[in-house]
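Colleague: Starting from these lines, generate the structure:
(one chain, ligands or ions: 1)
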Amino acid sequence: MQTAKRGGVAKEAAQRCYVGLGANLPHQGLAGVALLEAAIGALVEEGVAICAVSSAWRSPPWPPGAETEGQPDYLNAVVETAAGALDPAALLDRLLAVERRFGRERRARWAARTLDLDIIDFAGATVSRPGLTLPHPRAHERAFVLAPLCELAPDWRHPRLGETARALLARLPDQGVERVAALRFRDCEGGASRIS
Ligand code: AMP
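Modeller: Numbering: from 1, shown residues only. Prediction:
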């Protein structure tokens, strides 16, 4: 597996937040790797500084079975940002703004989507309230989250379960995820584009 590279200065571990991206429909001529790269650019424009980016990974539609039958495969990635001045609600607002920019429509729960953005972990916070659950309640079950997260932070510990990303991924059955390509992004320092 190619290791994703970190851009800019490494942030304090206590500040690190992870956001999952998933997409399986085109939007305005963008699809696949190009759509994920554009989504990462849109996050930066919305004030979410990007410190590190995983590769793009292909995964079968989730959950497996009749609800997602016939949907195209997803491309997924995980990005690291620093909490900085944001609190979890403010980060979620920015993610929802980016989803709207990508024409996200909320239809059936497991419907195909142009862009899905989830807070996987916000600096180790545990939150359970309407509209926000942290860490993401299903992250530990999903190889399309844990495989890219392992590129960035294999020793990341699940704030509730206390287990590392590496251990959680090793425990999952094969879910058919595969690494596709590096992703280009602008790092926290606003420097030149980097490749994960
Ligand atoms: P979906 O895009 O279908 O995954 O659902 C998004 C909704 O889930 C958002 O409007 C949030 O209110 C809610 N939600 C709860 N916890 C999270 C989280 N950790 N990350 C993103 N959305 C969350």
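
Colleague: can the one helix or strand Thr81 maps to be found next to the ligand?
Modeller: According to DSSP states H and E, Thr81 maps onto strand 74-82. No - Strand 74-82 stays clear of the ligand (Cβ under 6 Å from any ligand atom), getting no nearer than 12.5 Å. Where you see a C-beta, it was placed from the backbone N, CA and C, and this is true even at glycine.

Colleague: partners of that strand, with directions?
Modeller: Partners of strand 74-82 in the sheet, by DSSP bridges, are strand 16-23 (antiparallel), strand 52-53 (antiparallel), strand 56-59 (antiparallel).

Colleague: Off-centre distance for the shortest one?
Modeller: Relative to the chain's own centre, strand 52-53 is displaced by 10 Å; criterion: Cα atoms, centre = their mean, to the nearest Å.

Colleague: same check, this time on stretch 70-90
Modeller: With Cα atoms, centre = their mean, you get 4 Å for stretch 70-90.

Colleague: Asp121: what secondary structure?
Modeller: Following DSSP: H, G, I helix; E, B strand; the rest coil, the label given to Asp121 is strand.

Colleague: in terms of contact, does it touch Cys17 like I think?
Modeller: Yes - Asp121 lies in contact with Cys17 (Cβ atoms under 8 Å); the separation is 6.3 Å.

Colleague: tell me the contacts of Ala147?
Modeller: 57, 169, 177, 179 (Cβ atoms under 8 Å, 6 or more residues apart in numbering).

Colleague: one more time with 10 Å, if that's ok
Modeller: 1, 54-55, 57, 59, 76, 78, 165, 169, 172, 175, 177-179 (Cβ atoms under 10 Å, 6 or more residues apart in numbering).

Colleague: Tabulate the residues you listed (TSV), appending distance to Asp93.
Modeller: Listed next are those as TSV, based on distance: Cβ to Cβ, whole Å:
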residue	distance to Asp93
Met1	33
Ser54	23
Ser55	27
Trp57	26
Ser59	27
Asn76	22
Val78	20
Ala165	26
Leu169	30
Leu172	31
Gln175	30
Val177	29
Glu178	33
Arg179	31
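
Colleague: got the residues of the protein near the ligand?
Modeller: 92, 116, 118-119, 131-134, 136.

Colleague: Of the contacts of Ala147, which count as buried by neighbour count?
Modeller: 54-55, 57, 59, 76, 78, 165, 169, 175, 177, 179 (16 or more other Cβ atoms under 10 Å).

Colleague: just the residues you listed now: which is nearest Leu86?
Modeller: Val78 (17.4 Å; Cβ to Cβ).

Colleague: Quick check, Arg179 in contact with Pro148.
Modeller: Yes - between Arg179 and Pro148 there is a contact at 8.5 Å, judged by Cβ atoms under 10 Å.

Colleague: Check the contact lists of those two and give me the overlap.
Modeller: 4, 54-57.

Colleague: just to revisit the earlier point, give me the subset of the residues of the chain next to the ligand lying in strands.
Modeller: Cross-referencing the residues of the chain next to the ligand against strands under DSSP state E gives 116, 118-119, 132-134.
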